[in-house]
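Just need the structure, nothing else, for what follows:
(4 chains)
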Protein chains: 2
Amino acid sequence: MTVTLADVAARARVSPATVSRVLNGNYPVAASTRERVLRAVDELDYVLNGPASSLAAATSDLVGILVNDISDPFFGIMAGAVQSEIGGPEGMGRAGGEKLAVVCNTGGLAERELTYLTLLQRQRAAAVVLTGGALEDPEHTAAMSAKLAKLTRAGTRVVLCGRPPMPGPDGAADDHPAPAVLAFDNRGGARRLTEHLLALGHRRVGYVAGPPGRTTTRDRLEGHREALAAVGLATSAQERLTVHGTYSRGSGFDAARELLRRDPELTAIVAANDTVALGVCAALRDQGRRVPEDISVAGFDDLPFSVDAAPALTTVRLPLFEAAARAGRLAMGKEAPPPGGIATVEAELMVRGSTARPNG
Amino acid sequence: MTVTLADVAARARVSPATVSRVLNGNYPVAASTRERVLRAVDELDYVLNGPASSLAAATSDLVGILVNDISDPFFGIMAGAVQSEIGGPEGMGRAGGEKLAVVCNTGGLAERELTYLTLLQRQRAAAVVLTGGALEDPEHTAAMSAKLAKLTRAGTRVVLCGRPPMPGPDGAADDHPAPAVLAFDNRGGARRLTEHLLALGHRRVGYVAGPPGRTTTRDRLEGHREALAAVGLATSAQERLTVHGTYSRGSGFDAARELLRRDPELTAIVAANDTVALGVCAALRDQGRRVPEDISVAGFDDLPFSVDAAPALTTVRLPLFEAAARAGRLAMGKEAPPPGGIATVEAELMVRGSTARPNG
DNA sequence: GCGATGACAGCAAGCGCTTTCTATCGGATA
DNA sequence: TATCCGATAGAAAGCGCTTGCTGTCATCGC
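Model (predicted):
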């Protein structure tokens, strides 16, 4: 039924071995032979059997990308960037190193993260890129560590992108290479953002945090608190002005109302990310408050739509595409890992129209 | 080095066949035996070898999803929805039918589309979901048809989501099942949108079209023209008020300026999609024109951020998630294909703040 | 009480490719 | 001229799993 290597070999009057070598281009084959083989491939419309090939070669050309939510542009951008580096499909054989991206939607769920990793391990994935913040549950962290160590040991390259470094696996002798890490400076970015607000004169600043138990949530919140503490605003007092939610618009909407209820005199609200910030703006508009005249709003990430909000959102820019592209290169072994295996990706403050002096 | 089926078998004191059957759950195995096997699997921390399994079983648990641009929420939402139906990873063996999603970013390029299809064919993908409009090049269409027919014949289920039906493969006897199709009513949606504008009293309406040579672009433009023609506005005159661009914000920005240059008296601009519409709004704001007081703007798709634009965008809602989820179910064979293999997904007009009467 | 019938379990033959090792052949070397 | 070597090509042994076909008992019907 389907055409196999052997069929091509027969047609080209060579051995299967030779066909394989032509397709993989990793062994000298006389030009004339190669051409004959290629012609046969063409004529028979032959397509390599991936599983068979992977089995025999003990490698596959799949690269896993774990994301929390692929419908969120934050992850979409990263997934696209990784793929742009691993992808460019072209050519026949497994030559050239082009890989297929397997995008895994974890929904931020611990067990799904683990199961997907197992699935990728089963596929003998060439590499795995983990994006987004990590869950802070120690048990889960340990399980992840162990799993990643196993993957690494099996030859899968592991890269963390926008995720903090992990502790080495439990007490094992650390012979295998540690995952490469590209960590986002969430804390520094958040600090600078709040400093900007403070510099404008704001002193009553609400904060809409992300879901608890995530490193991203924690880091951004800590950066925020750091800035507040630096001007003498007590953390304890701030706690009342912090509301946790999800990374969604609706969450921002609800949180804004709640914050205003807790302190109607708020002059600024910082959101966990841009999507949430948009929800905050919507709630404010709903309540007849103008942004930024009555109240300033700031986001985080600088997703493409942020500049189009009205007013344009003050936020912190994370170079998602660039970082993820680099992660892709690391995953492909096209780029040397950073010294120490860890690099920090800077976050840049973007001041735009949604923040202004209070009572402005 | 790695644990194999045989190791598990030895440990559980059964044959490899039995282990395989326990893992796949497709053959009766005594409860006590099963338990013994499962324990061994656990103790040895065994992970099935996917490629080997796929080779032997001649199937794989990969599902391909072709998208133009995964960083665009339009596609992100669909990819996520498909995955939500095929995904839910759980359990050991290949039981339960959980599949891994392979997201392929074609960038809207013909040859990449084809190559990805070949790659998926090579992986013996269980199913392939193609999203987004199709290229109109007849040669490419024929090539795609042929490729899809090959995939179908090889047992891969093919589903088109948000893409028009394809002509059957060139003259071949149509024995194999045709792809299931979920087509978006782009034309009808566009028509209703422009009718809405006309009903408000607009007569000078600019149109920012998508890239030429795509069915989506054509359908939406045709719907628009249809509505105009219905009130007696000549198509020829309208051509001057149509600008083509990409599906990007920048494209909308530039196009708006161009349209205004061509006709400064424009009272409304319809954009190919929401992202473009946002760019249009930005350009308008830049030029000191208020939306909707001076000029109305409308988009298409109703992506999540559209409701948060200021003013909220009038647009046409496409039930992306629902449609793609259905596509996922079709791909999994969990749902019967629509009668005739083709279903049309309705597009709903969403009137919001960005459109108003002219000189309003 | 005996063959028929199930319910399980094992054997062994692949699935289609990669890769090591070996064979061949036309020079280049001495 | 005999030997050696580089450049190619082939033979064949798997890679780890699935599955059709065979047993092997224990139970069942009459």
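
contacts, neighbours, all on C-alpha from now
OK.

looking at chain A, which helix or strand is least sure?
helix A:235-239 (a mean of 84; mean pLDDT, DSSP states H and E).

and that one, which residues are buried?
Residues of helix A:235-239 classed as buried: residue A:238 (neighbour count, 16 or more other CA atoms under 10 Å in any protein chain shown).

Stretch A:134-149 and chain B, are they touching?
No. Using CA under 8 Å from any CA of the partner chain, stretch A:134-149 never reaches chain B; the gap is at least 10.6 Å.

Could you pull up phi and psi at the residue most central in space within chain A?
The residue lying closest to the centre of chain A (CA atoms, centre = their mean) is residue A:131, at 2.8 Å. The phi/psi pair for residue A:131 (degrees, to the nearest 10) reads phi -110, psi 160.

Need the residues that contact stretch A:72-80.
A:65, A:67-70, A:103, A:131-132, A:301, A:303, A:320-321, A:323-325, B:69-73, B:76-77, B:105 (CA atoms under 8 Å, 6 or more residues apart in numbering or on different chains).

how about a cut-off of 6 Å?
A:70, A:320-321, A:324, B:70-71, B:73 (CA atoms under 6 Å, 6 or more residues apart in numbering or on different chains).

ok, these vs DNA strand D, which is closest?
residue A:70 (29.6 Å; CA to the nearest atom of the strand).

Report the contact partners of residue A:157.
Contacts for residue A:157 were tallied using CA under 6 Å, 6+ apart; they are A:127, A:331.

domains for chain A, by residue range?
A:5-47, A:57-185+A:321-345, A:186-317 (automatic domain parsing).

Looking at those domains, spot the one closest to residue B:269.
domain A:186-317 (17.1 Å; CA to CA).

Span of that closest one from start to end?
10 Å (CA to CA, to the nearest Å).

Quick one: the domains of chain A as CSV, columns for distance to residue B:210 too.
Putting the domains of chain A into CSV (distance: least, CA to CA, whole Å) gives the following:
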stretch, distance to residue B:210
domain A:5-47, 35
domain A:57-185+A:321-345, 21
domain A:186-317, 19
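
Please compute how far the least confident helix or strand of chain A lies from its chain's middle.
Remark: helix A:235-239 is offset 31 Å from the chain centroid, using CA atoms, centre = their mean, to the nearest Å.

Mind checking what helix or strand follows that helix in sequence?
strand A:242-244 (DSSP states H and E).

Quickly run through the sheet partners of that following strand, with directions.
In the sheet, strand A:242-244 lines up against strand A:205-209 (parallel) (DSSP bridges).

now the next helix or strand after the strand it pairs with: how far from the chain's centre is it?
The element immediately downstream of strand A:205-209 (helix or strand, assigned by DSSP H and E) is helix A:215-230. With CA atoms, centre = their mean as the basis, helix A:215-230 stands 21 Å off its chain's centre.

Can you name the residues in contact with the least confident helix or strand of chain A?
Against helix A:235-239 from outside (CA under 6 Å, 6+ apart): no residues.

Mind exporting the C-alpha coordinates of that helix to CSV?
Extracted as CSV, the C-alpha positions of helix A:235-239 are listed here (Å, rounded to 0.1, in the frame of the first residue of the first chain):
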residue,chain,number,x,y,z
THR,A,235,3.7,46.5,53.3
SER,A,236,1.1,45.6,55.9
ALA,A,237,-1.0,48.6,54.8
GLN,A,238,-0.5,47.6,51.2
GLU,A,239,-1.9,44.2,51.7
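
Strands of the stretch 251-360 of chain A, start to end?
A:268-271, A:296-298, A:315-317, A:342-345, A:348-350 (DSSP state E, counting those that start in this stretch).

Of all these, which one is nearest chain B?
Proximity to chain B, assessed across those by CA to the nearest CA, is greatest for strand A:296-298 (14.1 Å).

Not counting the closest one itself, show me its contacts.
Counting by CA under 6 Å, 6+ apart, A:268-270, A:314-315, A:354-355 sit against strand A:296-298.

Which one of these sits in the busiest neighbourhood?
When neighbours are counted by other CA atoms under 10 Å in any protein chain shown, residue A:315 leads the contacts of strand A:296-298 with 31 neighbours.

Might you report the residue contacts of that residue?
By CA under 6 Å, 6+ apart, the contact list for residue A:315 reads A:298-300, A:302, A:350.

Once you drop chain neighbours, what's closest to whichever residue of the stretch 151-300 of chain A sits closest to DNA strand C?
Residue of the stretch 151-300 of chain A nearest DNA strand C, by CA to the nearest atom of the strand: residue A:155 (13.6 Å). Once flanking residues are discounted, residue A:155 sits nearest to residue A:126: 7.2 Å by CA to CA, 6 or more residues apart in numbering or on different chains.

Wait, the one you found touches residue A:158, no?
No. Contact criterion CA atoms under 6 Å: residue A:126 and residue A:158 do not qualify, at 9.0 Å.

How about residues contacting stretch A:98-117?
Residues contacting stretch A:98-117 (CA under 6 Å, 6+ apart): A:61-69, A:86-87, A:89, B:101-103.

go again using 8 Å as the cut-off
For stretch A:98-117, using CA under 8 Å, 6+ apart, the contacting residues are A:61-70, A:79, A:83, A:86-90, A:135, A:140, A:143-144, A:147-148, B:80, B:83, B:88-90, B:100-104, B:119.

Now the terminal residues of it, how far apart.
Stretch A:98-117: ends 21 Å apart by CA to CA.

Quick one: residues contacting residue A:56.
Contacts of residue A:56 by CA under 8 Å, 6+ apart: none found.

Determine the number of other residues adjacent to residue A:65.
By other CA under 10 Å, neighbour count at residue A:65 equals 28.

rewinding a little: distance to residue A:205, pLDDT and neighbour count added to the contacts of residue A:315, as TSV?
Putting these into TSV (distance: CA to CA, whole Å; pLDDT from 0 to 100; neighbours: other CA atoms under 10 Å in any protein chain shown) gives the following:
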residue	distance to residue A:205	pLDDT	neighbour count
A:298	11	98	32
A:299	13	98	28
A:300	15	98	29
A:302	20	97	24
A:350	18	98	19
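
Right, I'll leave it there.
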